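Student: need coordinates for the following:
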Amino acid sequence: MTILVTGANGQLGNEMQIVAKQSSDKYIFTDVCDGFEKLDISDLESIRKVVKENDVKCIVNCAAWTNVDAAETAGDIVETLNAIAPENLAKAMKEVGGLLVHVSTDYVFGGDPYNTPCKEDQKGTPTGVYGITKLHGEQKIQATGCNYVILRTAWLYSEFGKNFVKTMLNLTATKPQLKVVFDQVGTPTYALDLAKAISKIIENYKTEKADSYSKTGIYHFSNEGVCSWFDFTKMIAEYAGNNNCDIQPCHSDEFPSPVKRPAYSVLDKTKVKETFGVDVPYWTDSLKKCLNNMQ
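Tutor: Below is the predicted model of the structure:
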């Protein structure tokens with residue numbers, strides 16, 4: 001089977017390249033930057049052309065506008081990338097009876113106070129443009145009637161690109177003291193674990209010969225466990241041996257932001273584990289693996 005991956009130069013896209021090396025399927029990696037096949041996912045005809053020429057039967061959409069603060073003032077581009085482009089990918093897969101695996105976010109939640117892990121059928125209450133446009137993307141995909149697996153994830157990090165782990169590795173190594181918020185709680189997710197889960201979902205899809213995929217739906221995937229950004233930073237510093245930085249907890253209002261971030265966005269992974277038999281590692285175990293892979 002031929003699988004098209006968008007956003008190949010991002011964190012998840014890079015991990016998908018690693019996972020693809022273990023697969024017998026043909027992967028096409030696309031992005032808008034050099035080094036990859038160019039594909040403008042805001043252009044439906046361009047997508048159709050690539051799908052037809054390569055007999056693509058699955059698209060993994062790793063592309064998105066992910067700068068949460070900048071989304072507030074960036075204009076139409078955020079809706080284009082996070083909602084219209086996924087709709088285009090869904091239409092292209094609908095036309096060939098293929099599968100769209102789309103990555104969404106815990107930021108579709110946040111407007112209501114939660115204290116138990118969020119389930120897939122929970123009402124979306126996004127608090128900013130990023131979350132709103134990602135929720136729109138989910139809704140547009142569903143409206144096409146294609147075969148889809150929407151995977152909501154959270155707090156993504158990896159060896160690649162810019163992310164919280166890399167930032168905190170640098171800061172805890174160079175700053176005598178650091179303040180990190182403790183009133184936002186969720187679960188870090190190692191992008192390689194998410195890529196492996198996507199690979200397992202694709203393998204499952206290949207076993208179904210019917211036109212309609214029985215496991216179409218929304219699923220949650222993050223690593224197991226719960227922590228605050230403060231706890232996350234403490235573990236990053238400890239594992240890296242950055243012991244000279246005094247890391248202190250603080251409230252979110254000490255770091256003013258144009259967006260109100262979810263105070264609690266732990267995701268319930270029961271559905272993805274029961275449906276696909278996906279293994280979900282504990283967040284500290286995955287953090288150790290990522291740091292080892294950076295060396």
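Student: what pairs with the worst-scoring helix or strand of the chain on mean pLDDT, and is each one parallel or antiparallel?
Tutor: Lowest on mean pLDDT, DSSP states H and E among the helices and strands of the chain sits strand 37-38, with a mean of 94. With DSSP bridges as the test, strand 37-38 is paired with strand 26-31 (parallel).
Student: how far is the least confident helix or strand of the chain from where the chain is centred?
Tutor: 21 Å (CA atoms, centre = their mean, to the nearest Å).
Student: contacts for it?
Tutor: If you take CB atoms under 8 Å, 6 or more residues apart in numbering as the criterion, strand 37-38 is touched by 28-32, 50. Any C-beta I mention is one placed from the backbone N, CA and C, and that applies to glycine too.
Student: between the residues you listed, which sits nearest residue 272?
Tutor: Taking CB to CB as the measure, residue 272 lies nearest residue 29 of the contacts of strand 37-38, at 24.2 Å.
Student: isn't the closest one up against residue 36?
Tutor: Yes - Residue 29 lies in contact with residue 36 (CB atoms under 8 Å); the separation is 5.3 Å.
Student: list residues touching both of these two?
Tutor: residue 8.
Student: of these two, which one has the most company?
Tutor: More crowded of residue 29 and residue 36, by other CB atoms under 10 Å: residue 29, with 22 against 18.
Student: what is that one paired to in the beta sheet?
Tutor: Under the criterion used (DSSP bridges), residue 29 bridges to residue 5.
Student: so what pLDDT did it get?
Tutor: Looking at residue 29, its pLDDT stands at 98.
Student: OK, contacts around it?
Tutor: Applying CB under 8 Å, 6+ apart to residue 29 gives the contacts 5, 8, 13, 16-17, 20, 36-37.
Student: what do you get for residue 169?
Tutor: Residues near residue 169 by CB under 8 Å, 6+ apart: 236, 240, 242, 291.
Student: flag every buried residue along the helix or strand hosting it.
Tutor: Here residue 169, judged by DSSP states H and E, is contained in helix 164-174. Of all the residues in helix 164-174, those buried under the rule 16 or more other CB atoms under 10 Å are 164-166, 168-169, 171-172.
Student: and for residue 257, the neighbour number?
Tutor: Residues near residue 257, counting by other CB under 10 Å: 12.
Student: A helix includes it, no?
Tutor: No - read with DSSP: H, G, I helix; E, B strand; the rest coil, residue 257 is coil and lies in no helix.
Student: can I get the contacts of residue 169 in CSV including neighbour count and distance to residue 120?
Tutor: Shown next, in CSV, are the contacts of residue 169 (neighbours: other CB atoms under 10 Å; distance: CB to CB, whole Å):
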residue, neighbour count, distance to residue 120
236, 24, 29
240, 16, 35
242, 20, 37
291, 16, 31
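Student: tell me the two of the residues you listed that are most distant?
Tutor: Across those, the longest distance by CB to CB is 11.1 Å; it joins 242 and 291.
Student: list residues touching both of these two?
Tutor: 169, 236.
Student: where does the nearest residue to residue 242 once chain neighbours are set aside land on pLDDT?
Tutor: Using CB to CB, 6 or more residues apart in numbering and skipping the chain neighbours, the partner closest in space to residue 242 is residue 172 (3.9 Å). What the model reports as pLDDT for residue 172 is 98.
Student: so what's residue 172 up against?
Tutor: 178, 233, 236-237, 240, 242, 245, 247.
Student: could you work out the most separated pair of those residues?
Tutor: Counting by CB to CB, the most remote pair of the contacts of residue 172 is 178 and 240, 13.1 Å apart.
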